[in-house]
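>>> Need the 3D shape of this:
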Amino acid sequence: MSRRRPGRLLLCVVLAALLLPLVLTACGNADPFVGLYWEPSSGRRIEIRQDGDAYKLYYGRDLRAHTAKREGEELVITDPMGGKTVIRLTGAEGSLQLVTGGETTSLERLDQHQ
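Numbering: from 1, shown residues only. As a prediction, this is how the structure comes out:
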């Protein structure tokens, strides 16, 4: 019986070493942009989804998808007419800033079920 215990112990250590990084990545590596937000100044809901390396921003009455590219701590959406919309991380958890047309407004995270 003593010969089996070292084998089981080694198996447990190997499994823990393999699974620990996966668990830590799943729990602590949530993308700060992805989610459902509310813009208090306009009452508009905005949803941000990750699509591979790009992001999709859904807002407006028609919930049209606008493609965004992450540049450091910002998401940049290039408008067809050449303008840019920028979404920035703020210091507050669950809050972003939306910069468009020279105006900056805040976005507050909503519960996904709202």
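
>>> Could you chop the protein up by domain?
The chain resolves into domains spanning 1-30, 35-110 when parsed by automatic domain parsing.

>>> Next, count neighbours for Tyr58.
Other residues lying near Tyr58 total 15 when counted by other CB atoms under 10 Å. Placement of C-beta: from N, CA and C, glycine included.

>>> Give me the distance between it and Ser42.
For Tyr58, the distance to Ser42 (CB to CB, to the nearest Å) stands at 15 Å.

>>> next one: Ile48
Following CB to CB, the distance that separates Ile48 from Ser42 is 16 Å.

>>> try Asp62
Taken as CB to CB, the spacing of Asp62 relative to Ser42 amounts to 16 Å.

>>> tell me which element the spatially closest residue to Arg64 that is not a sequence neighbour falls in.
Take Arg64 and drop its neighbours on the chain: the residue closest to it by CB to CB, 6 or more residues apart in numbering is Tyr58, 7.1 Å away. Following DSSP states H and E, one finds Tyr58 within strand 54-59.
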